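what follows is a predicted protein model with its sequence.
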Amino acid sequence: MTDKELFSKTEEYIGKTVTIEGWIKNHRKQKEFGFISFSDGTFFTPIQIVYEKDLKNFDDIQKFHIGSSIQVEGEVVESPKDGQAFEIKAKSIALLGDCPEDYPIQPKKHTREFLREQAYLRPRTNLFQAVFRIRSKAAHAIHSYFQERDYVYFHAPLITASDCEGAGEMFQVTTLDLDRVAKDGKVDYTKDFFGKQAALTVSGQLQAETFALAFGKTYTFGPTFRAENSNTKTHANEFWMIEPEIAFCDLENDMDIMEEMLKYVVDYVLKNCREELVFLNSFVEKGLIDKLEKLVSSKAVRITHNEAIKYLIESGKKFEFEPKYGEDLAREHEKYLTEEKFNCPVFVYNWPKDIKAFYMRLNDDKETVAAVDLLVPGSGELMGGSQREERLDVLEKRMDDLKMSKEELWWYLKLREYGGCVHSGFGMGFERLIMYLTGIENIRDVIPFPRTPGNCDF
């Protein structure tokens, strides 16, 4: 018997005896009776266990500590307490695993900084029960969206010799003796494990394109890595990415899919994580549920990057960072466009080529590429995509201009020779989505065990 079964079929179990196993979240003791707040982890709301002095091990039960695991046999009865459908009147309570009094997760308010230091225990708190159950449901929704539409799930390699973004911020993978390398002062990569320089991937996109040009529609969903020494609330060195690639798809169709997928996932979480969202709406972000429901019912507007800059300049607002043609948008610019100018999600497309990646399709003006960012109210940029450059000569020139090695990506170029076609794709950081769904402001609190500069604990 699980907590979830009891909550979903309460009327069926009223008056029946059940056996449940889980952990003590709180324990209030009286002289003649006691109350245990109990959870087995299958449902967000805890169950109240009531036990009385007539139990043969009553005195022992009174000594059970918070955090201990127990087995309870008892009758499911209607609860006299408002807002609580049922409780369990215990017939027996057995200790399965004791817990000392200095158990770190006591029933009081803990700072998130403290809980990061207790990352192996923080899933037992209400906050992280909510966050990680939403993370689980959102992951399921992502797979459901693509599987229902006949996408092939592609497992991108985690070790690669290709720098997709061209930024060079990659974690190197090697079996060389680094002490010896330091003494010699030079590296002979031909003697390394792969015979060449290798690193952890920053994106599975380039490899996913090969599957898109075989299966038509594919997607990756897995961990990626950036060796970026950034200690902000939105950056981590290990994070998960969702990256679909679609053949015979231009930028307009790409935007259609981006919007549809996001709404599908948000709607799924709204329907399947109600208790968690109500908790987060009360204690983390007021108006969270309204924000998510509004996103699902809204229609995103589409503007070019030049139009976005024009709107920002003509707004008359004083921005900390002056909006300029040819330059990136700041967070305050995204906030204005989504929350003041349009009050809905906003696609910004046709970006200046000099601030975008080499693989994005060059537009006819030779100054912009067919790239797009989806900005959402309350978060800013949530997804980014582009129509990929399918013209071999244009792609080669772009790589030459950026002084990129064509030898390393020979296979990517060959893909354009062998039945190439118009194709597009996009990427979304999974943790950024979870931050949006939960209202949590720090990426460290939506990853089970965050990897950030100087932190590789647990």
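Here it is on my side, so go on.

just the CA atoms of the helix or strand where residue 95 lies, as PDB, please.
Assigned by DSSP states H and E, residue 95 belongs to strand 86-97. This file holds the C-alpha atoms of strand 86-97, laid out as PDB (Å, rounded to 0.1, in the frame of the first residue of the first chain):
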ATOM      1  CA  PHE A  86      -8.500  10.800   6.400                       C
ATOM      2  CA  GLU A  87      -6.000   9.700   8.900                       C
ATOM      3  CA  ILE A  88      -4.800   6.300  10.100                       C
ATOM      4  CA  LYS A  89      -5.600   4.900  13.500                       C
ATOM      5  CA  ALA A  90      -2.600   2.700  14.300                       C
ATOM      6  CA  LYS A  91      -3.000  -0.900  15.400                       C
ATOM      7  CA  SER A  92       0.800  -1.400  15.400                       C
ATOM      8  CA  ILE A  93       3.900   0.700  14.700                       C
ATOM      9  CA  ALA A  94       7.300  -1.000  14.200                       C
ATOM     10  CA  LEU A  95      10.600   0.700  13.900                       C
ATOM     11  CA  LEU A  96      12.500  -0.300  10.700                       C
ATOM     12  CA  GLY A  97      15.400   2.100  10.800                       C
END
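
packing partners of that strand?
Strand 86-97 sits against strand 17-29, strand 47-52, strand 69-78, with contacts defined as 3 or more CB pairs under 8 Å, 6 or more residues apart in numbering; DSSP states H and E. Bear in mind the C-beta positions are built from the backbone N, C-alpha and C, glycine included.

repeat that for 10 Å
Here strand 86-97 touches helix 3-8, helix 10-13, strand 17-29, strand 33-39, strand 47-52, helix 58-61, strand 69-78, going by 3 or more CB pairs under 10 Å, 6 or more residues apart in numbering; DSSP states H and E.

count of residues packed around the nearest residue to residue 207 once chain neighbours are set aside?
Closest residue in space to residue 207, ignoring its immediate chain neighbours: residue 156 at 5.1 Å, by CB to CB, 6 or more residues apart in numbering. Residue 156 has 23 neighbours, counted by other CB atoms under 10 Å.

enumerate every residue touching residue 156.
By CB atoms under 10 Å, 6 or more residues apart in numbering, the contact list for residue 156 reads 164, 201, 203-208, 211, 218-224, 241, 243.

and the buried ones among those residues, selectable in ChimeraX?
The ChimeraX selection below is limited to those of these classed as buried (16 or more other CB atoms under 10 Å):
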select :164,201,203,204,205,206,207,208,211,218,219,220,221,222,224,241,243
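
among the contacts of residue 156, name the ones in helices.
205, 206, 207, 208, 211 (DSSP state H).

just give me the closest of the residues you listed to residue 358.
For the ones in helices among the contacts of residue 156, the residue nearest residue 358 by CB to CB is residue 206; the value is 10.4 Å.

ok, back up a step: need the ones in helices among the contacts of residue 156 in CSV with distance to residue 367 and pLDDT, can you?
Shown next, in CSV, are those (distance: CB to CB, whole Å; pLDDT from 0 to 100):
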residue, distance to residue 367, pLDDT
205, 24, 95
206, 25, 95
207, 30, 96
208, 28, 97
211, 32, 98
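
now residue 43, what are its backbone angles?
phi -150, psi 150 (degrees, to the nearest 10).

repeat for the one 10 residues further on
Main-chain dihedrals, residue 53, degrees, to the nearest 10: phi -60, psi -20.

residues near residue 399, how many?
Residue 399: 19 neighbours (other CB under 10 Å).

which ones are touching the most far-flung residue of the chain relative to its centre?
The C-alpha centroid of the chain is most remote from residue 54, which lies 48.9 Å away (CA atoms, centre = their mean). The contact partners of residue 54, by CB under 10 Å, 6+ apart, come to 32, 33, 91.

now stretch 187-200: buried residues?
For stretch 187-200, by 16+ other CB under 10 Å, it's 192, 198, 199, 200.

right, I mislabeled it, should have said stretch 58-73
61, 64, 66, 67, 68, 69, 70, 72.

and the residues you listed as JSON lines, adding distance to residue 302 and pLDDT?
Below are those laid out as JSON lines (distance: CB to CB, whole Å; pLDDT from 0 to 100):
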{"residue": "61", "distance to residue 302": "63", "pLDDT": "97"}
{"residue": "64", "distance to residue 302": "59", "pLDDT": "97"}
{"residue": "66", "distance to residue 302": "53", "pLDDT": "97"}
{"residue": "67", "distance to residue 302": "52", "pLDDT": "97"}
{"residue": "68", "distance to residue 302": "56", "pLDDT": "98"}
{"residue": "69", "distance to residue 302": "53", "pLDDT": "98"}
{"residue": "70", "distance to residue 302": "56", "pLDDT": "98"}
{"residue": "72", "distance to residue 302": "56", "pLDDT": "98"}
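
out of those, who's nearest residue 136?
residue 69 (21.7 Å).

before we move on, back to that, which one, of the helices and strands packed on strand 86-97, ends up nearest to residue 260?
Of all the helices and strands packed on strand 86-97, it is helix 3-8 that lies closest to residue 260, at 29.6 Å by CB to CB.

all good on my end, thank you.
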